[in-house]
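Q: Provide a 3D model corresponding to the input given below.
(one chain, ligands or ions: 1)
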Amino acid sequence: MLARPETKRCIECGTPYDDAAFHYWEGRVANGPAYWSDRGILCSPRCSLAHHQRRAAEGTLADAPAPDPFQLTRFR
Ligand SMILES: [Zn+2]
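A: A predicted model of the protein is given here:
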């Protein structure tokens, strides 16, 4: 199940989407998050890497890139 973007928190550390520390695509909040997975959005390269390593350790890495959660929202 894809985590819904309206939760709007980093799935690794819980940083809110509108926090100054959150990394956006091209640095613009309107462009959506710069990092995400099939489980939700990620605030930074650090959390993206932590998430990847955790999923690799769990053996739950996805075979394909996760769809952009904000694109999914637009088409709903
Ligand atoms: Zn984070």
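
Q: what sits against the nearest residue to residue 17 once chain neighbours are set aside?
A: Spatial nearest neighbour of residue 17, excluding adjacent residues (Cβ to Cβ, 6 or more residues apart in numbering): residue 8 at 3.7 Å. Where you see a C-beta, it was placed from the backbone N, CA and C, and this is true even at glycine. Residue 8 sits next to 16-18, 41 when contact means Cβ atoms under 8 Å, 6 or more residues apart in numbering.

Q: Put the alpha carbons of stretch 8-17 into CSV.
A: Output in CSV follows, covering the C-alpha atoms of stretch 8-17 (Å, rounded to 0.1, in the frame of the first residue of the first chain):
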residue,chain,number,x,y,z
LYS,A,8,3.4,14.9,4.7
ARG,A,9,6.1,13.7,7.0
CYS,A,10,9.4,12.0,6.3
ILE,A,11,8.8,8.3,6.9
GLU,A,12,12.3,7.9,8.4
CYS,A,13,12.6,10.8,10.9
GLY,A,14,9.1,12.4,10.9
THR,A,15,10.3,15.8,9.7
PRO,A,16,7.1,17.7,8.5
TYR,A,17,6.9,18.4,4.7
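
Q: Give me the buried stretch members for it, please.
A: By 16 or more other Cβ atoms under 10 Å, the buried positions in stretch 8-17 come out as 8-12, 15, 17.

Q: circling back to that earlier point, closest one of the contacts of residue 8 to residue 67?
A: residue 41 (12.3 Å; Cβ to Cβ).

Q: Return the list of helices and strands in contact with the top helix by length along the chain.
A: For the chain, the helix that runs over the most residues, judged by DSSP state H, is helix 45-58. Judged by 3 or more Cβ pairs under 8 Å, 6 or more residues apart in numbering; DSSP states H and E, helix 45-58 is in contact with strand 35-37.

Q: And the lowest mean pLDDT element among the helices and strands of the chain?
A: Lowest on mean pLDDT, DSSP states H and E among the helices and strands of the chain sits helix 69-75, with a mean of 63.
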